[in-house]
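K.L.:
A structural model of the following input is requested.
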Amino acid sequence: MKVLGVCLFAVLAQLSYAQFTYTAVNIPGATETEVRGVNSSGEIVGYYKTTSAAT
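P.N.:
The predicted structure follows:
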């Protein structure tokens, strides 16, 4: 009975962990990119910075 209790606890503990997927967001030509969230339409929102060198 004690083993069953330990196994049940282990299964329930695994179910309580949140799972996430990370995705890199890279804007071509940007020197910095920051995702700030997801809007109500499901679009990723944030900003990016670019630099242009005068030659």
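K.L.:
does Phe20 count as helix, strand or coil?
P.N.:
Going by DSSP: H, G, I helix; E, B strand; the rest coil, the secondary structure assigned to Phe20 is coil.
K.L.:
could you check how many residues crowd around it?
P.N.:
4 (other C-beta atoms under 10 Å). The way it works is simple: take the backbone N, C-alpha and C, and place the C-beta from them, glycine included.
K.L.:
if I look at it, how far off is Val38?
P.N.:
Distance of Phe20 to Val38, given as C-beta to C-beta, to the nearest Å: 13 Å.
K.L.:
the stretch of helix or strand Arg36 belongs to: partners in the sheet, and parallel or antiparallel?
P.N.:
Element membership of Arg36, judged by DSSP states H and E, is strand 32-38. Using DSSP bridges, the strands paired with strand 32-38 are strand 44-49 (antiparallel).
K.L.:
got the contact list for the strand it pairs with?
P.N.:
Outside strand 44-49, the residues that touch it by C-beta atoms under 8 Å, 6 or more residues apart in numbering are 25, 27, 30-39.
K.L.:
what's the neighbour count on the nearest residue to Val35 once chain neighbours are set aside?
P.N.:
What sits nearest to Val35 in space, not counting adjacent residues and going by C-beta to C-beta, 6 or more residues apart in numbering, is Gly46, at 4.1 Å. When neighbours are counted by other C-beta under 10 Å, Gly46 registers 12.
K.L.:
cool, thanks, signing off.
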